[in-house]
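> Here is my input; please provide its structure:
(one chain, ligands or ions: 1)
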Amino acid sequence: MLTAIAMFILINGLPAYMARRMARRKGRSEMFWFIAGIFGSWFVVGILALMRSSSTPTLAEYLAANPTCKTPTGIACKFCGSRSIRLWRDESGYAIHQRHFCNHCGELLYRSG
Ligand SMILES: [Zn+2]
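Numbering: from 1, shown residues only. Next comes the predicted model:
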């Protein structure tokens, strides 16, 4: 019985972990995709890889929604006000996307490309 549980974690733990990481980069619910990864294994990772992260706004949409974030010295984070923004190139799917995260609080802010 214990071996069966260990096997289940071994087979489903890694895809669940990967699904959680990919969900974060795509701006989707981490917990939902983590649980989906446990039960759906690599199949869920495949679905997530093909999925577009359309929920992330573009820079123009981000600034339109948060006009105070456009400062003379650059774009600011809408959550903490930090102007240190980190670029993350996402090549996990078939298309390459560029995501911009706040370097201070780690929130996904907008996408480009
Ligand atoms: Zn921030």
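
> Skipping its backbone neighbours, what lies nearest residue 78 in space?
Spatially, and ignoring its direct neighbours in sequence, residue 78 is nearest to residue 66 (4.4 Å; C-beta to C-beta, 6 or more residues apart in numbering). For glycine as for every other residue, the C-beta is placed from the backbone atoms N, C-alpha and C.

> my bad, residue 36
residue 44 (4.7 Å).

> ditto for residue 62
residue 110 (3.9 Å).

> Am I right that residue 37 is in contact with residue 11?
No - using C-beta atoms under 8 Å, residue 37 makes no contact with residue 11, being 11.1 Å away.

> For these two, indicate the residue with more neighbours.
residue 37 (26 against 13; other C-beta atoms under 10 Å).

> check contacts around residue 84.
102-104 (C-beta atoms under 8 Å, 6 or more residues apart in numbering).

> now these as JSON lines including pLDDT, secondary structure and neighbour count?
Shown next, in JSON lines, are the contacts of residue 84 (pLDDT from 0 to 100; DSSP: H, G, I helix; E, B strand; the rest coil; neighbours: other C-beta atoms under 10 Å):
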{"residue": "102", "pLDDT": "93", "secondary structure": "strand", "neighbour count": "21"}
{"residue": "103", "pLDDT": "94", "secondary structure": "coil", "neighbour count": "14"}
{"residue": "104", "pLDDT": "94", "secondary structure": "coil", "neighbour count": "15"}
